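> Have a look; sequence and predicted model below, questions after that.
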Amino acid sequence: MLKKFLMLPVCCLVLLALALPAQAKEMKFAHFSIDVPADCKVQEKDGTVTVTASKDAFFSIALFTKSEAKNLSDKDFAAKLSQQLKGTPPEPSEDGGWTFTVTSNRVLMNVDVVGDKDYLMMFMSDASDKEWPASLQTAYDSVTGNDDKIDTFLKKTLFPE
């Protein structure tokens, strides 16, 4: 009887553990880190980090120092990237950067390039008006610079008030 009595709390703890959402894993990259939920996938290639929640729910972010970007202006960087991706010509964006669209695997994507005197950032995501899954939004909201200067730049460009 005592065995049965003790099994009930153990079973409840196991069920509770299974019901808890999976914890996010912090992933560090050259200039920033992201807390990636278990149901998202991450891929890094040539300094660009892509976080994917599903086939059509993703974002890509790349952050370069000006020297890493060969001292290109944000306008020139956007033009070069647009040409490489076969996108539309970059146009000035409301945030002072540059924006263009590109289609890949039949998915229309928005690409934004923003820079200051020290950094250039590229941000890309699908151009649909669909709301992101909560896990992808959680990953986006967790983007943090690896030092105060980078973090300030990211907050200003990704999370303008």
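Good, I have the coordinates.
> For this protein, which segments count as helices?
Applying DSSP state H to the chain gives helices spanning 2-19, 74-85, 134-141, 148-158.
> weakest of those helices by average pLDDT?
Between the helices of the chain, the one with the least mean pLDDT is helix 2-19; it has a mean of 40.
> bridging residues for the residue nearest to residue 74 when sequence neighbours are not counted?
The spatial neighbour of residue 74 that comes closest, neighbours along the chain excluded (C-beta to C-beta, 6 or more residues apart in numbering), is residue 115 at 3.3 Å. In this view, the C-beta of every residue, glycine as well, is placed from N, C-alpha and C. Legend: beta-bridge partners of residue 115 under DSSP bridges are residue 120.
> which ones are touching residue 115?
66, 73, 74, 77, 97, 121 (C-beta atoms under 8 Å, 6 or more residues apart in numbering).
> let's go with 7 Å and repeat that
Applying C-beta atoms under 7 Å, 6 or more residues apart in numbering, we find residue 115 in contact with 73, 74, 77, 97.
> Against residue 135, how distant is the last one?
Spelled out, that is residue 97. 27 Å (C-beta to C-beta, to the nearest Å).
> likewise the third one?
In this structure, residue 77 and residue 135 are 30 Å apart, going by C-beta to C-beta.
> Among the two, which residue is more densely surrounded?
residue 77 (24 against 20; other C-beta atoms under 10 Å).
> Pipe the contacts of residue 115 into TSV and attach distance to residue 141 per row.
Listed next are the contacts of residue 115 as TSV, based on distance: C-beta to C-beta, whole Å:
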residue	distance to residue 141
73	29
74	24
77	25
97	20
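> Now list the buried members of those.
74, 77, 97 (16 or more other C-beta atoms under 10 Å).
> For residue 59, state which of the residues you listed is nearest.
Nearest to residue 59, judged by C-beta to C-beta, of the buried ones among the contacts of residue 115 is residue 97 at 15.9 Å.
> So for that closest one, what's the nearest residue that isn't a sequence neighbour?
residue 114 (3.5 Å).
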